[in-house]
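K.L.:
my questions concern the predicted model and sequence given below.
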Amino acid sequence: MSLPRYAVIGNPIAHSRSPQIHAMFSAQTGRPLQYERLLAPLDGFAPTVQAFREAAGLGLNVTVPFKQEARALVADRLSTRARLAGAVNTLWLADGAWHGDNTDGVGLVSDLARLGVDLRDARVLLVGAGGAARGVLQPLAEAGCARIHIVNRTASRAAELARVWAAAALPGPTRVSAGGLDEAATPGGWNVVINATASGLQDAAPRLPGGLYAAGAMAYDMVYGSRPTPFMRQAEADGAARRADGLGMLVGQAAESFHLWHGVRPDPSPALVTLRAALLAEA
Ligand code: NAP
């Protein structure tokens with residue numbers, strides 16, 4: 001009998017660690033499944049999803065550059081957080097149609113909790129205004145942050161993100177503002193600074209001013225690697241008491257996808273330990 005079939009779809013996709021993570025979750029929870037990498041042509045996302053469905057595929061993780069196309073594919077069959085994110089990273093079949101959610105923000109918030117960061121009443125600086133920043137805004141606000149200040153190299157994109165947030169008019173106490181990278185400082189400093197830019201992929205840190213961190217603050221980089229990232233090194237020099245990379249967010253978003261598909265939430269900690277060891281061994 002063939003196993004329930006899942007995959008991660010993207011372009012490129014060879015680097016994806018999702019098959020390894022879901023194999024670990026499958027073993028941990030005793031749910032046998034098949035999980036593979038699916039390379040879609042850049043102009044062929046929808047036909048690849050359709051072919052996967054015809055081959056008995058039940059669920060997909062979606063990664064770069066298809067998260068917006070995945071959102072379009074599910075029309076209105078999507079969660080509030082995915083609607084606000086403008087992007088879908090998890091698809092599943094129900095009642096003969098694809099449904100969508102975005103689990104990136106849950107992955108971030110759960111990893112911050114694992115690290116002992118209390119987001120209630122926190123002052124948060126969110127650096128970046130691309131898909132990743134947009135995806136985490138609502139889960140961060142839902143966790144009770146007092147303030148989220150979005151700054152971006154292209155300041156107008158940060159302002160646009162703050163406008164999208166204001167238009168959503170969600171209830172809650174979080175004050176959201178926006179500016180350029182040079183407007184990142186605040187009196188007393190930030191409790192949490194999150195790097196949601198792709199600068200780490202160019203082995204650089206965003207050009208932020210100094211004096212950003214409150215006492216005991218956390219600097220969190222969505223990018224991860226075998227060594228402290230350029231943003232983490234910048235944060236250490238600027239006095240951030242704690243620093244972490246985004247490997248825990250990656251495992252956390254996968255755990256939430258697994259929960260959506262299988263109704264059981266795996267403990268992400270053992271998978272995180274294994275992946276960290278693998279990263280260090282690759283260094
Ligand atoms: P994106 O939509 O392409 O946005 C890129 C963002 O990075 C924009 O805000 C861009 O600013 C900024 N940027 C790029 N190079 C920069 C530089 N040298 N200095 C300052 N800002 C720079 O990408 P994304 O989907 O938001 O992803 C952002 C990062 O998050 C990626 O590295 C991705 O791997 C990571 N991520 C990690 C996880 C995880 O689970 N750990 C999940 C999602 C994403 P401009 O607007 O000025 O161009």
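P.N.:
Received the coordinates, thanks. Numbering: from 1, shown residues only.

K.L.:
excluding its backbone neighbours, what's nearest Ala166?
P.N.:
Val176 (7.1 Å; Cβ to Cβ, 6 or more residues apart in numbering). Glycine gets a C-beta too; all of them are placed from N, C-alpha and C.

K.L.:
given the stretch of helix or strand the one you found belongs to, what are its sheet partners and their directions?
P.N.:
Taking DSSP states H and E as the criterion, Val176 maps to strand 175-180. According to DSSP bridges, strand 175-180 forms sheet pairs with strand 147-152 (parallel).

K.L.:
so for whatever helix or strand comes next after the strand it pairs with, what gets flagged as buried?
P.N.:
Following strand 147-152 in sequence order, the next helix or strand is helix 155-168 (DSSP H and E). For helix 155-168, burial by neighbour count (16 or more other Cβ atoms under 10 Å) applies to Ala155, Arg157, Ala158, Ala159, Glu160, Leu161, Ala162, Trp165.

K.L.:
what's helix 155-168 in contact with?
P.N.:
Helix 155-168 is contacted from outside by 84, 86, 129-130, 133-134, 137-138, 150-152, 176-181, 183, using Cβ atoms under 8 Å, 6 or more residues apart in numbering.

K.L.:
let's see 7 Å
P.N.:
By Cβ atoms under 7 Å, 6 or more residues apart in numbering, the residues outside helix 155-168 that reach it are 84, 129, 133-134, 137, 150-152, 176-180.

K.L.:
returning to that earlier point: what's the neighbour count on the residue nearest to Ala166?
P.N.:
20 (other Cβ atoms under 10 Å).

K.L.:
equivalent analysis for Val264, please.
P.N.:
Residues lying near Val264 (other Cβ under 10 Å) number 13.

K.L.:
Three-state assignment for it, please.
P.N.:
Assigned by DSSP: H, G, I helix; E, B strand; the rest coil, the conformation of Val264 is coil.

K.L.:
what about the nearest residue to it once chain neighbours are set aside, distance to Pro41?
P.N.:
Take Val264 and drop its neighbours on the chain: the residue closest to it by Cβ to Cβ, 6+ apart is Thr29, 5.1 Å away. Noted for Thr29: a distance of 33 Å to Pro41, by Cβ to Cβ, to the nearest Å.

K.L.:
same drill for those two, tell me which one is more crowded.
P.N.:
A count of neighbours by other Cβ under 10 Å puts Thr29 above the other of Thr29 and Pro41, at 17 against 9.

K.L.:
what sits against that one?
P.N.:
Thr29 touches His262, Val264, Pro266, counting by Cβ under 7 Å, 6+ apart.

K.L.:
any idea of the pLDDT on it?
P.N.:
Thr29 is assigned 98 on the pLDDT scale.

K.L.:
could you chop the chain up by domain?
P.N.:
Using the TED database, the domain ranges for the chain come out as 5-101+250-282, 105-244.

K.L.:
could I get the full set of strands for the stretch 101-250 of the chain?
P.N.:
Here the stretch 101-250 of the chain has its strands, by DSSP state E, counting those that start in this stretch, at 123-127, 147-152, 175-180, 190-195, 213-221, 242-244.

K.L.:
now do the shortest one: which elements does it pack against?
P.N.:
Under the contact criterion of 3 or more Cβ pairs under 7 Å, 6 or more residues apart in numbering; DSSP states H and E, strand 242-244 touches strand 213-221, helix 230-237.

K.L.:
near the ligand, which residues of the stretch 51-200 of the chain are found?
P.N.:
104, 107, 128-133, 152-154, 157, 196-200 (Cβ under 6 Å from any ligand atom).

K.L.:
excluding its backbone neighbours, what's nearest Asn191?
P.N.:
Nearest residue to Asn191, sequence neighbours excluded (Cβ to Cβ, 6+ apart): Ala122, at 4.3 Å.

K.L.:
hmm, back to that, report the separation between the residue nearest to Val264 and Pro19.
P.N.:
Using Cβ to Cβ, Thr29 is found at 16 Å from Pro19.
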